[in-house]
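>>> Sharing a model prediction with you, sequence too.
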Amino acid sequence: MGETLPDLMTLPDVLERLRGVVGRTYLLQHLRDHPEFNGKPTHRRIGRKLVVRAEDYPRLLESLECRSKSSNAKEGKRYTSVVPSAEKAFTNAQTLLTRNLQKLSAPKERRNSGRQAFMAKGR
């Protein structure tokens, strides 16, 4: 990268330089998730605009490389269980039972509330 960078680059300028590497949506999400890299900012905000200063641009590139799939860093294996844990299944079952009981008892409570008031006057 022998070319000189402008002092401030807007998002379209950065996307032009990163064409073929990342897209707009990915870059916006990356900037939201990682406003800093190695303790220093990867970008700045001026009002509602995202800008990248010349000294921040190399840091932004490093942060993108670190999180790429082609990185040499070993990533731990991730597993997603299809079956919910016993605790989660129990909580879900309780929620369903409570919801069903509430549905069954609600109309009955409304009916009885009028009768109880009527019966209380008659005594």
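Good, I have the coordinates.

>>> mind listing the helices for this structure?
Here the chain has its helices, by DSSP state H, at 11-17, 24-33, 57-66, 86-122.

>>> With respect to the ones you listed, which exhibits the lowest mean confidence?
Of all the helices of the chain, the minimum mean pLDDT falls on helix 86-122 (a mean of 66).

>>> Output stretch 15-25 as CSV - backbone C-alpha positions only.
Presented in CSV, the C-alpha positions along stretch 15-25 are these (Å, rounded to 0.1, in the frame of the first residue of the first chain):
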residue,chain,number,x,y,z
LEU,A,15,-15.7,0.5,0.9
GLU,A,16,-14.1,1.5,-2.4
ARG,A,17,-10.7,0.6,-1.0
LEU,A,18,-12.0,-2.6,0.4
ARG,A,19,-13.9,-3.6,-2.7
GLY,A,20,-13.9,-7.4,-3.0
VAL,A,21,-12.8,-7.9,0.6
VAL,A,22,-16.0,-6.9,2.5
GLY,A,23,-19.4,-5.5,1.7
ARG,A,24,-21.2,-2.5,3.2
THR,A,25,-23.4,-4.6,5.6
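
>>> Tell me which residues of that stretch come out buried.
Residues of stretch 15-25 classed as buried: 15, 17-18, 22 (neighbour count, 16 or more other CB atoms under 10 Å). Backbone N, C-alpha and C define where each C-beta goes, glycine included.

>>> ok, which pair from these is furthest apart?
Of all pairs drawn from the buried residues of stretch 15-25, the greatest distance, 10.4 Å, lies between Arg17 and Val22 (CB to CB).

>>> Flag every buried residue along the longest strand along the chain.
The residue-count maximum for a strand in the chain (DSSP state E) belongs to strand 49-53. By neighbour count on 16+ other CB under 10 Å, the buried set for strand 49-53 is 50-53.

>>> Could you dump those residues into TSV with pLDDT and distance to Leu61 added?
Below are the buried residues of strand 49-53 laid out as TSV (pLDDT from 0 to 100; distance: CB to CB, whole Å):
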residue	pLDDT	distance to Leu61
Leu50	89	16
Val51	92	16
Val52	92	10
Arg53	91	13
